[in-house]
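In: Provided below are the primary sequence and the corresponding predicted coordinates.
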Amino acid sequence: MSIGTWLYTKFYGEKVGQDDYGNVYYRRPKSLRAGIREERWVIYQGEPEASKVPAEWHAWLHHTTDAPIEAPTRPWYKPHQPNLTGTAYAYAPPGADNKGGQRAKASGDYVAWTPES
């Protein structure tokens with residue numbers, strides 16, 4: 001977090017809540033300009049990663065709801081995983097360059113078209 005964000009949060013931020021990942025959510029009810037709705041922001045726990053914001057808090061941040069709602073939990077929900085794009089743990093299908101560049105041979109059911117046939 002930058003010093004500017006920290007100062008702004010210290011002077012103007014009103015803490016609204018915290019999610020399971022440790023992210024803290026703030027609001028500023030009155031804007032500096034008239035007619036502008038309240039400002040809302042999040043201070044991330046650890047690396048700033050937008051995919052760590054749960055759906056109920058995402059809706060609140062984007063003024064879809066006035067208060068964060070409790071999202072139902074389902075037994076098939078998986079725990080959050082950060083976006084791994086650009087890391088050594090990113091998904092790469094078989095045949096990708098970083099997995100050796102060798103893909104499986106095509107099955108024998110493909111026959112190329114030739115004009116003579």
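Out: Thanks, I have it.

In: Give the next helix or strand downstream of the longest helix anywhere in the chain.
Out: Ranked by residue count and defined by DSSP state H, the top helix of the chain is helix 3-12. Sequence-wise, the next helix or strand beyond helix 3-12 is strand 14-18, with elements assigned using DSSP states H and E.

In: Who are the packing partners of that next one?
Out: Identification of packing neighbours for strand 14-18 by 3 or more Cβ pairs under 8 Å, 6 or more residues apart in numbering; DSSP states H and E yields strand 24-28. Where you see a C-beta, it was placed from the backbone N, CA and C, and this is true even at glycine.

In: ok, the nearest residue to Gln102 once chain neighbours are set aside - how many residues close by?
Out: Leaving aside its sequence neighbours, Gln102 sits nearest to Gly95 (Cβ to Cβ, 6 or more residues apart in numbering; 6.3 Å). Neighbour count for Gly95, taken as other Cβ atoms under 10 Å: 11.

In: and Gly95, what pLDDT?
Out: Looking at Gly95, its pLDDT stands at 76.

In: My read is that it contacts Lys105, right?
Out: No: with contact defined as Cβ atoms under 8 Å, Gly95 does not reach Lys105; the gap is 10.6 Å.

In: and Lys52, what is it in contact with?
Out: 21, 23, 44-45, 80, 82 (Cβ atoms under 8 Å, 6 or more residues apart in numbering).

In: check contacts around the spatially most central residue of the chain.
Out: The centroid of the chain falls nearest to Ser51 when counting by Cα atoms, centre = their mean (1.3 Å). The contact partners of Ser51, by Cβ under 8 Å, 6+ apart, come to 80, 82-83.
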